[in-house]
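J.: compute the structure for the input listed below.
(chains A, B and C)
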Amino acid sequence: MNKILVGLLLGLILGAIDGATAWFYPEAHSMIAGIMVGSSIKGMVVGLLCGWFARKVQSTKWGIAVGAALGLLFAFLVAATDTVNGKHAYLEIMLPGFVVGAIIGFLTQRMGTPGPATRGTL
Amino acid sequence: MDLSDSVLDHLRHIAALPDLTGTRYDLEAEIGRGGMGVVYSARDRQLDRRVALKILDAALAGEARLIARLEHPAIVPIYETGTLPDGRAFYAMKLVAGARLDHYLARSPSMAERLRVVRRIGEALAYAHTTGAIHRDLKPQNVMVGEFGEVYVMDWGVDAVAGTPGFRAPETLLDQSSDIYSLGALLRFVLPAARLPALAAIAAKAMNAEPAARYPDATALLADIERFQEGLAVEAWSEPRWHQLRRFASRNAVLLWLLAAYAGVKFLLFFLWYL
Amino acid sequence: MDRDTAIGGPHDHFPSTRLSLLEAVSTGLPNEALEHVIALYWKPVYRFIRFKFRKDNEDAKDLTQSFFTSALQRDFFTRFDPAKASFRTYLRMAVERFAASRHAAQNRQKRGGDVQFEPIEDQAVTTESPEQVFEREWQRQLFALALDDLRAHCEASGKQLQLRIFEAYDLAAAERPSYADLAAQHGVAATSVTNYLAWARRTLRDLVTERLRGVTSGERELRQEMRRVWT
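T.: Okay, here's the model as predicted:
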């Protein structure tokens, strides 16, 4: 399977699971559906970018680093635009986003068929 | 008059030295002695380079032709074959600068390096078998590791070779399967004292007393070593459950660490939230 | 072309003229085979008997003589199986059996009296086993015979100079002269010394091989024995 497609799927699944963990916070129960959708979209964007990167660069180390950075960036954007009980949950969104990004970055390196001719290494 | 011991020894020595008159080589020194002949280092005057000269019994000249047919990076190339004025056959080959495998192992190379050497030997063997050639006497003394890591399998066999105890297959008539046995013995030889069960099992399968129970060819043995190196289950060993788990964990160590990190982060955040 | 004058030329080794031991026996030439065997083995057998059974000089000679005249007369050659052992080993074991039975018979005759063993002067200075002594003597005799052949060959082919240079260099008991000294001494170029020595050594090797051929069962045993001889 194409690495970009793999990234999208992984982002969707892992994003949804990450979002679903909000269920452990009773105050978030009412918003769980929205959180899951948002988290899935964030995951898919990170996955898409990681998949694209994995086609260009074959390196587990860099895959993890780029995935983590993208995860952190998009989690920040989500945390900055949203509030829970009137406060921004930077830490609660960005820290898991960082790790999930790293996981997506790692898996897009390992899974899927490498992209066409333009391969490079860092 | 009786010959004194010292004169006798001298005569035995000079009578054994190859007479290189009429050839392009100058004798330098003896560098090895095997069942089939003696190997000397010599200088090729025409090309001004050093070569290894193997002097054989005349009846064994076929050995040179057999090896000359083999063209592989891990098989020492033959430059020339010929007959000495004294009737003995010889062949000139590349003089390999390096260490014999048994001496090389004394330097304690890494496991990956040991397996690389075995794989190179196996590749040479697999190639030779496709041409119908059989080594018959594969042992550490017949493998050289060059100074740049290149591996050479030497002393390709002749019918007269009986093999070496410890590396020779038990069957009377040696064939390609007997070489697989010797390759297994060589794998066992290169493994350090604390053996890994999967590799020991590969060696044991190759060394099965029953030829039919061994690997069908050198490529199959190499594939099993490759599987071991990639962290996959090897054909030769039905591993216990704990070993499967350990192998899974070591193969997926990075992913498991990342998942553990995620779980750790989530736990931490949950408790921080309600502090 | 006279093969023997082509110094350094290729393939000037002797053609094989001698029959192997078994060929000689099977083609009805057992006497010739016996001759070769006695020429090579008389001394080793004598030394072996002296060492192994501690015989004095005369007894050892008598035993050796009777071994070659009686033991070898019977079906000695036909009982030899090259697959089991080399002829050298086969003969040594036959000597051992023969001498042991004679030795026992002699001791029976002397029963009641003290059996006196002759002191053997050589035994004090060697740690070799009788078998090692036998093999060593066998090699010594092999080369002595081949040297005789070389001398005869040089005499017949007018190569006395080559022989003298070879003897001066390769048979030197003490320090070997330099090639330059030999060249000056014999009035030849130093390169000739190299060539003469190469020729003589090659010829000696051929002659040793020929001698061996006469006392071995065939090519296989010949090769094995050659490997034992060359160091």
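
J.: pull up the residues of chain A that are close to chain C.
T.: Applying the criterion CB under 8 Å from any CB of the partner chain, no portion of chain A neighbours chain C. (Each C-beta comes from the backbone N, C-alpha and C, glycine too.)

J.: and stretch B:119-134, what's buried?
T.: Going by neighbour count (16 or more other CB atoms under 10 Å in any protein chain shown), the buried part of stretch B:119-134 is B:119-129, B:133-134.

J.: run through the strands of chain B in chain order.
T.: In order along the chain, chain B carries the following strands (DSSP state E): B:25-34, B:37-44, B:49-56, B:78-83, B:89-94, B:98-100, B:143-146, B:151-153.

J.: what residues does the first one touch?
T.: Pointing back at strand B:25-34 there. B:17-18, B:20, B:38-45, B:50-53, B:92, B:141-142, B:155 (CB atoms under 8 Å, 6 or more residues apart in numbering or on different chains).

J.: ok, of these, which come out buried?
T.: B:17-18, B:20, B:38-44, B:51-53, B:92, B:141-142, B:155.

J.: can you name the residue of chain C nearest to chain A?
T.: Of all residues in chain C, residue C:227 sits closest to chain A, at 57.1 Å by CB to the nearest CB.

J.: looks to me like that residue is in a helix.
T.: Yes - with the criterion set as DSSP: H, G, I helix; E, B strand; the rest coil, the secondary structure at residue C:227 is a helix.

J.: how many residues are close by the closest residue to residue A:51 other than its chain neighbours?
T.: Closest residue to residue A:51 apart from its sequence neighbours, by CB to CB, 6 or more residues apart in numbering or on different chains: residue A:7 at 2.7 Å. Taking other CB atoms under 10 Å in any protein chain shown as the neighbour definition, residue A:7 ends up with a count of 30.

J.: host element of residue A:7?
T.: Secondary-structure assignment from DSSP states H and E places residue A:7 in helix A:3-20.

J.: report the buried residues of that helix.
T.: Taking 16+ other CB under 10 Å as the basis for neighbour counts, the residues of helix A:3-20 that come out buried are A:3-4, A:6-12, A:14-16, A:18-19.

J.: helices or strands next to the helix or strand just after it in the packing?
T.: Moving toward the C-terminus from helix A:3-20, the next helix or strand (DSSP H and E) is helix A:32-56. Helices and strands in packing contact with helix A:32-56 are listed as helix A:3-20, helix A:60-81, helix A:90-110; criterion 3 or more CB pairs under 8 Å, 6 or more residues apart in numbering or on different chains; DSSP states H and E.

J.: and the residue most central in space within chain A, what pLDDT?
T.: Taking CA atoms, centre = their mean, the centroid of chain A lies closest to residue A:43, which sits 3.5 Å from it. In the predicted model, residue A:43 carries a pLDDT score of 94.

J.: repeat for residue A:8
T.: 94.

J.: what do you get for the one 3 residues further on?
T.: Per-residue pLDDT puts residue A:11 at 94.

J.: report the separation between it and residue A:5.
T.: As defined by CB to CB, to the nearest Å, residue A:11 lies at a distance of 11 Å from residue A:5.

J.: repeat that for residue C:38.
T.: 94 Å.

J.: how about residue A:102?
T.: Relative to residue A:5, and taking CB to CB, residue A:102 is found at 20 Å.

J.: pLDDT below threshold where in chain A?
T.: Low-confidence segments of chain A, defined by pLDDT under 70, span residues A:84-85, A:115-122.

J.: quick one, the helix holding residue A:7 and helix A:32-56 angle?
T.: Per axes from the mean of the first three to the mean of the last three CA atoms, to 10 degrees, the angle that helix A:3-20 makes with helix A:32-56 is 150 degrees.

J.: leaving out chain neighbours, which residue sits closest to the residue of the stretch 51-200 of chain B found nearest chain A?
T.: With CB to the nearest CB as the measure, the residue in the stretch 51-200 of chain B that lies nearest chain A is residue B:112; the distance is 18.5 Å. Distances taken as CB to CB, 6+ apart place residue B:229 nearest to residue B:112, at 7.6 Å, with adjacent residues excluded.

J.: just checking, the one you found touches residue B:116?
T.: No - using CB atoms under 8 Å, residue B:229 is not in contact with residue B:116, being 9.5 Å away.

J.: before we move on, the earlier item: from chain C, how far off is the residue nearest to residue A:51?
T.: When CB to the nearest CB, to the nearest Å is applied, the distance between residue A:7 and chain C equals 70 Å.

J.: what does residue B:197 give?
T.: Counting by CB to the nearest CB, the gap between residue B:197 and chain C amounts to 43 Å.

J.: confidence score at residue C:207?
T.: 91.

J.: in contact with it, which residues?
T.: C:14, C:146, C:149, C:150, C:153.

J.: out of the contacts of strand B:25-34, who's near chain A?
T.: When CB under 8 Å from any CB is taken as the criterion, no member of the contacts of strand B:25-34 contacts chain A.

J.: hang on, the earlier thing: which one of the buried residues of stretch B:119-134 is nearest residue B:233?
T.: Comparing those against residue B:233 with CB to CB places residue B:119 closest, at 18.7 Å.

J.: what is the burial count for the closest residue to the closest one other than its chain neighbours?
T.: Ranked by CB to CB, 6+ apart and with sequence neighbours excluded, the top spatial neighbour of residue B:119 is residue B:222, at 5.8 Å. When counting by other CB under 10 Å, one arrives at 21 neighbours for residue B:222.

J.: and residue C:92, by the same measure?
T.: When counting by other CB under 10 Å, one arrives at 22 neighbours for residue C:92.

J.: swap in residue B:209?
T.: Counted with other CB under 10 Å, residues neighbouring residue B:209 total 10.

J.: so what pLDDT did the closest residue to it other than its chain neighbours get?
T.: Using CB to CB, 6+ apart and skipping the chain neighbours, the partner closest in space to residue B:209 is residue B:170 (5.4 Å). At residue B:170 the predicted local confidence, pLDDT, stands at 89.

J.: for residue C:7, same thing?
T.: Residue C:7 carries a pLDDT score of 37 in this model.

J.: check residue B:126 too.
T.: 96.

J.: OK, contacts around it?
T.: B:217, B:218, B:219, B:222 are the contacts of residue B:126 under CB under 8 Å, 6+ apart.

J.: who wins for most neighbours among these?
T.: Neighbour counts for those were taken using other CB under 10 Å; the highest belongs to residue B:218, with 24 neighbours.

J.: that one contacts residue B:135, doesn't it?
T.: No - in this structure, residue B:218 sits apart from residue B:135 without contact. The criterion is CB under 8 Å, and the distance is 10.3 Å.

J.: hey, what's in contact with both of those two?
T.: Going by CB under 8 Å, 6+ apart, residues that sit against residue B:218 and also against residue B:135 are B:125, B:179.

J.: closest residue of chain C to chain B?
T.: Using CB to the nearest CB, residue C:230 is the residue of chain C that sits closest to chain B, at 3.3 Å.

J.: excluding chain neighbours, give the residue nearest to that residue in space.
T.: Ranked by CB to CB, 6+ apart and with sequence neighbours excluded, the top spatial neighbour of residue C:230 is residue B:16, at 3.3 Å.

J.: so what would you say the end-to-end distance of stretch C:167-183 is?
T.: The first and last residues of stretch C:167-183 sit 14 Å apart, counting by CA to CA, to the nearest Å.

J.: how about residues contacting it?
T.: Stretch C:167-183 is touched from outside by B:3-4, B:6-7, B:10-11, B:14, C:147, C:165, C:185, C:189-190, C:192-194, C:197, C:200-201, with contacts defined as CB under 8 Å, 6+ apart.

J.: near chain A, which residues of chain C are found?
T.: Along chain C, not a single residue is adjacent to chain A under the rule CB under 8 Å from any CB.

J.: just send the contacts of residue C:207 back as TSV, with neighbour count too.
T.: Rendered in TSV, the data for the contacts of residue C:207 read as follows (neighbours: other CB atoms under 10 Å in any protein chain shown):
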residue	neighbour count
C:14	19
C:146	22
C:149	18
C:150	23
C:153	18
